[in-house]
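Prediction below, plus the sequence it came from.
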Amino acid sequence: MTEPTDQPDQPEQPAPPEDQAPADAAPAASPESSPEPSTASERLRRALFRPSPKQVVAGVLLAALGFAAVTQVRLTGTDDTYSGLRQQDLIDLLDGLNGTRQRTEGEITRLEGVAEGLRDDSTKRQTALEQADAEVDQLNILAGLVPVTGPGIRLTITEDDGRVELASLLDTIEELRTVRAEAIAINGKVRVIAQTSFTETDGGFLVDGERIEAPYVIDVIGEPGVLSGAIDFALGPKKQLEDDGARVQVRELRTVDIEVVARRDEPRYAVPDEGQ
């Protein structure tokens, strides 16, 4: 049996470096060196999916041109809205527009008249309310239901040599009312109104049931010069009171305050009617 002959060990060849390709390896193909497509379909596919810069610019210009064309068509269609109408149609259209304008102007005029009437009614209503309030205030003053203040006179009657007669006191009050005295009060205790009653009593008078005694101080609101003239004229109230033995002093004042009010009697039998 023949034994294998021992062959000497061959030295191992060193491995080529990683960055060095084998000498017999074929060079890698580059994109630039790839062969051009040979068919028209391949060239079209490449143009669609990988367009060149020139093709991109050409596409943008075509899109802008198309947008401009569409816009021009729309504007032309808008401007030519009435271009297809006949002359008579245009005349009828203008007549219709004029009629609409005239009706609108008439409606505006009517509404302005209504608004003016409402303003007039509101003004009249406000004026009527103000007049009513003023009349209520005047009636309250004349009825003696509210305190009042204003220019006037203060008449002081002092009994020196005799007693003041009831007729002399009543004549004095009536003269003051004649010259439009707006408010009268005696001794700050009694408000004199149209229904005030006077009764002579021992040592004085009963005015609406309130006892007053001399000296009698009568506060009057009105025109001071006119009120004092109604007391001082010849054979007037001052002369009559002096004949009774009294001394009379009249002072004109810029402000007279009357705080006392008339007593208001509540009705016992009368009630407002249902229609009021």
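Looks like it arrived, so ask away. In this text, all values refer to a predicted model and were calculated from it rather than measured experimentally.

Only C-alpha atoms from now on, for both contacts and neighbour counts.
OK.

For the stretch 101-250 of the chain, give me the ranges with low pLDDT.
Judged by pLDDT under 70, the stretch 101-250 of the chain has no weakly predicted residues.

quick one, strands of it?
148-159, 183-186, 190-192, 198-201, 204-207, 210-212, 216-221, 246-258 (DSSP state E, counting those that start in this stretch).

Check which residues of stretch 214-233 are buried.
By neighbour count on 16 or more other C-alpha atoms under 10 Å, the buried set for stretch 214-233 is 214-224, 227-228, 230-231.

average model confidence for stretch 254-261?
Throughout stretch 254-261, pLDDT has a mean value of 95.

Show me what counts as buried in it.
Neighbour count says stretch 254-261 has V256, D257, I258, V260, V261 buried, by 16+ other C-alpha under 10 Å.

Go ahead and measure how far it is from the middle of the chain.
Stretch 254-261 sits 39 Å away from the centroid of its parent chain (C-alpha atoms, centre = their mean, to the nearest Å).

do the same with stretch 165-182
From the chain centre to the centre of stretch 165-182 is a distance of 51 Å (C-alpha atoms, centre = their mean).

now do stretch 104-121
The answer for stretch 104-121 is 22 Å, by C-alpha atoms, centre = their mean.

ok, the buried residues of stretch 254-261 vs G203, which is closest?
V260 (22.8 Å; C-alpha to C-alpha).

Could you save the strands of the stretch 101-250 of the chain as a markdown table and add columns showing distance to L61?
Shown next, in a markdown table, are the strands of the stretch 101-250 of the chain (distance: least, C-alpha to C-alpha, whole Å):
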| stretch | distance to L61 |
| --- | --- |
| strand 148-159 | 96 |
| strand 183-186 | 101 |
| strand 190-192 | 105 |
| strand 198-201 | 116 |
| strand 204-207 | 114 |
| strand 210-212 | 114 |
| strand 216-221 | 101 |
| strand 246-258 | 98 |
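
of all these, which lies closest to D171?
strand 198-201 (11.8 Å).

What residues of the closest one count as buried?
Buried-residue list, strand 198-201, by 16+ other C-alpha under 10 Å: F198.

what sits up against that strand?
Strand 198-201 is contacted from outside by L166, L170, F205, L206, V207, D208, using C-alpha atoms under 8 Å, 6 or more residues apart in numbering.

Identify the farthest-apart pair in the buried residues of stretch 214-233.
A214 and E223 (25.7 Å).

Looking at the buried residues of stretch 214-233, which one is closest to R247?
For the buried residues of stretch 214-233, the nearest to R247 is P215 (9.6 Å; C-alpha to C-alpha).

Once you drop chain neighbours, what's closest to the closest one?
Closest residue in space to P215, ignoring its immediate chain neighbours: T158 at 4.6 Å, by C-alpha to C-alpha, 6 or more residues apart in numbering.

Equivalent analysis for L166, please.
In this structure, L166 finds its nearest non-sequential neighbour in E200, 6.3 Å apart by C-alpha to C-alpha, 6+ apart.

Likewise for P147?
P147's closest residue in space is E259 (C-alpha to C-alpha, 6+ apart), at 4.6 Å.

Tell me the spacing between that neighbour and A183.
11 Å (C-alpha to C-alpha, to the nearest Å).

shared neighbours of those two, anything?
Common neighbours of E259 and A183 (C-alpha under 8 Å, 6+ apart) are V148.

For the residue nearest to P215, name its beta-bridge partners.
R247 (DSSP bridges).

Surely it touches R247?
Yes. Between T158 and R247 a contact is recorded at 5.1 Å, counting by C-alpha atoms under 8 Å.

Return the member of the buried residues of stretch 254-261 nearest to L118.
V261 (41.9 Å).

so who does the closest one touch?
G144, L145, V146, P147, V190, R191.

Surely it forms part of a helix?
No. Under DSSP: H, G, I helix; E, B strand; the rest coil, V261 sits outside any helix and is assigned coil.

how near is it to E200?
22 Å.

how much space between G222 and T196?
19 Å.

Same check on L176?
For L176, the distance to T196 - C-alpha to C-alpha - is 14 Å.

For those two, indicate the residue with more neighbours.
Neighbour count, other C-alpha atoms under 10 Å: between L176 and T196, L176 has more, with 23 against 12.
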